[in-house]
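1. return a 3D structure for these sequence lines:
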Amino acid sequence: MPGYYPILLDLNNKRCVVIGGGKVAERKITSLVRAKAIVTVVSPELTKSLQQMAEKKKIHYVNGCFKERHLDKAFLVIGAVGNSKINHHVFEAAAKKNKLVNIVNSPDECNFMVPSVIKQGALIISISTGGKSPALAKKIRKQLENQFGKAYKDFLSFMGELRQR
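-> You can find the predicted model right below:
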């Protein structure tokens, strides 16, 4: 197992490419958009929600199959296609171009992991099992969500306001 270094990454105005337009890709894309990334989605098809995001210009949509050139200006790449051969090709192309790459459901084809996350305002708690058991990470996240609820978001907002005075 690689020696992972935990990090929170600023993706504001960073170019991120997601290969895939299904439900799994949609979850990843939604997170990237929330992080204010500039998201390009490459896929022959999109979910209805992703189609709406493209129509509202929240994402850039490339209708078609993956080509290595789609990664040229990317800072970060996510492969979320339901085809392991295509995902492997995405991984190889991204690795060759020295990009941050995550292939969904394939920990061996990633140079970073996307943890399960709890976010309450400025409070961010990440849970990872290094790809060994996403179900366990999700279970722990649900337990911690109950422990660190909306009150923490409100408290941190209040503390931020106090610091600005």
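2. what sits against residue 139?
-> Counting by Cβ atoms under 8 Å, 6 or more residues apart in numbering, residue 139 touches no other residue. Any C-beta I mention is one placed from the backbone N, CA and C, and that applies to glycine too.
3. neighbours of residue 5, how many?
-> Residue 5 is flanked by 6 other residues according to other Cβ atoms under 10 Å.
4. residue 13 against residue 38, yeah?
-> Yes: checked against Cβ atoms under 8 Å, the pair residue 13 and residue 38 is within contact range at 6.1 Å.
5. more neighbours: the two, which one.
-> residue 38 (18 against 9).
6. gap between that one and residue 116?
-> For residue 38, the distance to residue 116 equals 25 Å [Cβ to Cβ, to the nearest Å].
7. then residue 101?
-> Here residue 101 is placed at a distance of 19 Å from residue 116 (Cβ to Cβ).
8. repeat for residue 87
-> 21 Å.
9. which one's more surrounded, those two?
-> Set residue 87 next to residue 116 and count neighbours by other Cβ under 10 Å: residue 87 wins out with 22 against 19.
10. ok, the more buried one touching residue 81?
-> Yes: with contact defined as Cβ under 8 Å, residue 87 and residue 81 form a contacting pair (5.4 Å).
11. mutual contacts of these two, please.
-> With Cβ under 8 Å, 6+ apart, residue 87 and residue 81 have common neighbours residue 19.
12. sketch out the strands for this protein, chain order is fine.
-> 15-19, 38-43, 60-63, 76-79, 100-103, 116-120, 123-127 (DSSP state E).
13. which stretches of this protein have low pLDDT?
-> 1-2 (pLDDT under 70).
14. roughly how far apart are the spatially most central residue of it and residue 102?
-> Centroid check for the chain by Cα atoms, centre = their mean gives residue 28 as the closest residue, at 4.2 Å. Distance of residue 28 to residue 102, computed by Cβ to Cβ: 8 Å.
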